[in-house]
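K.L.:
A predicted structure for the sequence below; I have some questions about it.
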Amino acid sequence: MAKKPRKIKTIYDKAKYHQETVNQLGLGEEHAAHHILFLLRWLIENNLMSELFKAEEKPLQEYLSGTRPLYSLFQWWDCCLADIMLSPEGNEFAMYYFGFDNPIYIGDYISTLKGKLPSEYYIEFTENNYRKLKPIIDRRYAKWKKPGSKWWCFWK
């Protein structure tokens, strides 16, 4: 018997949640996804993606080979960051760092990249910006991984 696809339980963020604001600012539609793309790239690079995500071989391999931009890979997933895309550890970290109840990531994102821009929606998804934000995410992840620091441990 074939296994049923896992249903989404948690949607961390969708670009469409931010599209109206981006449109009002006169920015391109991809700006609604920029803040998510930085974390998505980091999660991919740190092998925190689900087997389901990895099974979408063609778009993932195109991204990894440099022939598909990350935004296009994100579009493949309906411009959504959801639990089914992440490994169990990836989900636990995302819940801690990116979750709505504990939005540490967005604070890091804004304080690291916004500078004098009018709002965080103007931040460009560039290699230079990723290099600025990556060490911040690395430190948050390392701190989260330390024994006894995972706030969710009492659930297990």
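P.N.:
Looks like it came in fine. These numbers come from a predicted model, not from an experiment. Numbers count the residues shown, from 1 in each chain.

K.L.:
Ramachandran coordinates for Ala82?
P.N.:
phi -130, psi 160 (degrees, to the nearest 10).

K.L.:
ok, now which ones touch Leu117?
P.N.:
Residues in contact with Leu117 (Cβ atoms under 8 Å, 6 or more residues apart in numbering) are Ile123. Any C-beta I mention is one placed from the backbone N, CA and C, and that applies to glycine too.

K.L.:
can you map out the helices along the protein?
P.N.:
19-24, 34-45, 51-55, 57-65, 70-76, 88-97, 104-113, 127-145 (DSSP state H).

K.L.:
nearest to Thr10, of those helices?
P.N.:
helix 88-97 (7.2 Å; Cβ to Cβ).

K.L.:
Kindly spell out which helices and strands sit in contact with the closest one.
P.N.:
Packed against helix 88-97, as judged by 3 or more Cβ pairs under 8 Å, 6 or more residues apart in numbering; DSSP states H and E, are the following elements: helix 34-45, helix 104-113, helix 127-145.

K.L.:
highest average neighbour count across these?
P.N.:
Compared across those, helix 34-45 shows the largest average neighbour count, a mean of 22 (mean count of other Cβ atoms under 10 Å).

K.L.:
Okay, now the unreliable bits of the protein?
P.N.:
1-6, 148-156 (pLDDT under 70).
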